[in-house]
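[1] Fold the following, please.
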Amino acid sequence: MSPLTYSDEFIAGILTSVRTIAMPGASPDPSRTSNSVMAELQDHGYHVLPVNPDAAGSNIHGEKVFSDLHSIAEKFQMVDIFRNSHAAADSVKQAVAEAQNKGISVIWMQLGVRNDEAAKRAEAIGLKVVMDRCPLIEINRLFGGYLPAV
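    Predicted coordinates:
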């Protein structure tokens, strides 16, 4: 597998244009990284919609949990995937199917998550894809932790 490289401009452009994020793999368990990342993204002004079929109908950080991307009624620009590389394919498949209807423009796979086939499917319909990166780490690296207002 070739290494993944993204320009700072590409990453910054995504982070400053996206406002609403669906998060497959969000966990209600405070010891899980997805739980703290969701809270911190909210602190940065993002509206985060948690997706977790096992917790559907409950709340995480004040947001209703959805069973899948299809069940989210509102529009969102980014899908931030906190699932393993194999399972990420299903989230990407749902995102590709819902992209036009929901306004999805970005697929973001968290640290350690990479699925090149799924990325190619998303890119084939014009979606931007980032793999094996954490948006919070990128916010801290590019903006010193203070995301500029959009």
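[2] What backbone torsions are found at the residue most central in space within the chain?
    The centre of the chain sits closest to Asp80, judged by C-alpha atoms, centre = their mean, with a distance of 1.1 Å. With angles defined as degrees, to the nearest 10, Asp80 sits at phi -100, psi 110.
[3] can you give me the strands for this structure?
    Taking DSSP state E as the criterion, the chain carries its strands at 20-24, 47-51, 59-60, 63-64, 78-81, 106-109, 128-130.
[4] For stretch 48-62, C-alpha coordinates in PDB please.
    The C-alpha coordinates for stretch 48-62 follow below in PDB (Å, rounded to 0.1, in the frame of the first residue of the first chain):
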ATOM      1  CA  VAL A  48     -22.100  15.800  15.100                       C
ATOM      2  CA  LEU A  49     -24.700  13.200  14.400                       C
ATOM      3  CA  PRO A  50     -23.800   9.900  16.100                       C
ATOM      4  CA  VAL A  51     -24.400   6.600  14.200                       C
ATOM      5  CA  ASN A  52     -24.400   3.300  16.100                       C
ATOM      6  CA  PRO A  53     -27.100   0.600  15.600                       C
ATOM      7  CA  ASP A  54     -26.500  -0.800  19.100                       C
ATOM      8  CA  ALA A  55     -27.300   2.600  20.700                       C
ATOM      9  CA  ALA A  56     -29.900   3.900  18.200                       C
ATOM     10  CA  GLY A  57     -32.600   6.000  19.900                       C
ATOM     11  CA  SER A  58     -30.400   6.900  22.800                       C
ATOM     12  CA  ASN A  59     -28.300  10.100  23.100                       C
ATOM     13  CA  ILE A  60     -24.600  10.800  23.000                       C
ATOM     14  CA  HIS A  61     -23.500  14.300  24.100                       C
ATOM     15  CA  GLY A  62     -27.000  15.600  23.600                       C
END
